[in-house]
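**Q** The amino acid sequence is not available; the structure is as follows:
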């Protein structure tokens, strides 16, 4: 079997209403869907995205630039792609849009290999779990009132979720404390609660806020300061008893390794797109395992689900429904709030051609 074509489609998924974040309003997820077609009729699927329709054309061009590396390739020899691609983009670097473009191609290649073998990617690699703990990341935004936060949190528990994430960032830290207290009261002591500051604090203010929040038994305190300040993250991690999570904005295993060496975080959060796809994502996760550090995924639940099921140090799948409108299949929770890994071949979540057509751009 040979890959005969790299095909793309660009889609625009509006957020209605827009999502109010600490940084800026989020109005849409704009995706480059990547298809790898073969002479056997099998098609591998992947996707990468940008927010608010920003630089999606650049990302699309980057994806297409890898076509010469995959056309003619036997998917069973797909492990050669990552090494050849790194050489191919060496002149423009191994971070930013170059790595993001590679991610979509690598995702489609893994999906194709799973389909060719008739196995879910988790089983293709060798699964160590049939269900993965998951948390709901779809709401509890910075702009919500306390009443809204409590209603949303209560609704998540009723839907079967056993973990959820709350965004922080109010000018007065006492407001953030009040918001955390309100959500904890709404969900009780047995539901895992994460908080995310979206890189908005200083080292001193993060330590101060973190100490005020420790009474609420939080699962983690996420990205308290700008992601590139690994020394500052390490200072916060050392000062607090509760875990600090970070890493979603870093690139490739080398970025993860720097964080591990500096002890920047208690939990690493590799992003499938910024890792450059599943090949590098798995490398990063195994490096973390060598340091006895757990990992949790960032976005892309339809693909990260299978990958986390193969990792003994995986602790949570982030469920964010931004791409869900494009898929035929939905993530299912078991009685313990874990996401059950599907047995369908490839990623186990299939794009819906009618939905893709409905959201297609131009």
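**A** Ah, there it is. Note that the coordinates shown come from a computational prediction; the quantities given were computed from them, not determined experimentally.
**Q** next one: phi and psi at residue 168?
**A** Per-residue torsions, residue 168: phi -110, psi -180 (degrees, to the nearest 10).
**Q** Report how many residues lie close to it.
**A** 24 (other Cβ atoms under 10 Å). Using the backbone N, CA and C atoms, a C-beta is placed for each residue, glycine as well.
**Q** quick one: pLDDT of it?
**A** pLDDT for residue 168: 96.
**Q** residue ranges of the helices in the stretch 201-350 of the chain, please?
**A** Applying DSSP state H, counting those that start in this stretch to the stretch 201-350 of the chain gives helices spanning 203-213, 230-239, 252-262, 272-275, 278-290, 301-308.
**Q** Let me have those helices in JSON lines, adding distance to residue 182 and mean neighbour count as columns.
**A** Shown next, in JSON lines, are those (distance: least, Cβ to Cβ, whole Å; neighbours: other Cβ atoms under 10 Å):
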{"stretch": "helix 203-213", "distance to residue 182": "13", "mean neighbour count": "18"}
{"stretch": "helix 230-239", "distance to residue 182": "24", "mean neighbour count": "19"}
{"stretch": "helix 252-262", "distance to residue 182": "32", "mean neighbour count": "19"}
{"stretch": "helix 272-275", "distance to residue 182": "32", "mean neighbour count": "26"}
{"stretch": "helix 278-290", "distance to residue 182": "33", "mean neighbour count": "21"}
{"stretch": "helix 301-308", "distance to residue 182": "27", "mean neighbour count": "26"}
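**Q** Which one, of those helices, ends up nearest to residue 110?
**A** helix 278-290 (4.8 Å; Cβ to Cβ).
**Q** Show me which positions of the worst-scoring helix or strand of the chain on mean pLDDT end up buried.
**A** Using mean pLDDT, DSSP states H and E, helix 80-88 stands out as the lowest-scoring helix or strand of the chain, at a mean of 91. Buried residues in helix 80-88, defined by neighbour count with 16 or more other Cβ atoms under 10 Å: 81, 82, 85, 86, 88.
**Q** and it, what does it pack onto?
**A** On a contact count with 3 or more Cβ pairs under 8 Å, 6 or more residues apart in numbering; DSSP states H and E, helix 80-88 meets helix 67-70, helix 97-117, helix 278-290.
**Q** related to what we said a few turns ago, switch the helices of the stretch 201-350 of the chain over to TSV; also include distance to residue 174 and mean pLDDT.
**A** Formatted as TSV, these follow (distance: least, Cβ to Cβ, whole Å; pLDDT from 0 to 100):
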stretch	distance to residue 174	mean pLDDT
helix 203-213	8	98
helix 230-239	19	98
helix 252-262	30	97
helix 272-275	34	98
helix 278-290	35	98
helix 301-308	34	98
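**Q** Residue 49: which of the ones you listed is closest?
**A** The nearest among those, by Cβ to Cβ, is helix 272-275 at 7.3 Å.
**Q** mind listing what the closest residue to residue 297 other than its chain neighbours touches?
**A** Spatial nearest neighbour of residue 297, chain neighbours left out: residue 304 (3.8 Å); criterion: Cβ to Cβ, 6 or more residues apart in numbering. Residues counted as contacts of residue 304 (Cβ atoms under 8 Å, 6 or more residues apart in numbering) are 272, 281, 297, 298, 317, 318.
**Q** any idea which of those residues is closest to residue 147?
**A** residue 318 (25.4 Å).
**Q** mind checking pLDDT for that closest one?
**A** Residue 318 is given a pLDDT of 98.
**Q** Just list whatever residues bridge to it.
**A** Note on residue 318: beta-bridge partners by DSSP bridges are residue 135.
**Q** Mind listing the residues bridging to the residue most central in space within the chain?
**A** The chain has residue 298 as the residue nearest its centroid, 2.1 Å off, counting by Cα atoms, centre = their mean. According to DSSP bridges, the partner residues bridging residue 298 are residue 271.
**Q** that older thread, Serialize the helices and strands packed on helix 80-88 to TSV and add fields for distance to residue 224.
**A** Output for those, formatted as TSV (distance: least, Cβ to Cβ, whole Å):
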stretch	distance to residue 224
helix 67-70	39
helix 97-117	25
helix 278-290	19
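**Q** Quick one: closest of these to residue 8.
**A** Going by Cβ to Cβ, the one of those nearest residue 8 is helix 97-117, 8.2 Å.
**Q** Which neighbouring elements make contact with the very next helix or strand once past that closest one?
**A** Downstream of helix 97-117, the first helix or strand assigned by DSSP states H and E is helix 121-125. If contacts are counted by 3+ Cβ pairs under 8 Å, 6+ apart, helix 121-125 sits against helix 97-117, helix 301-308.
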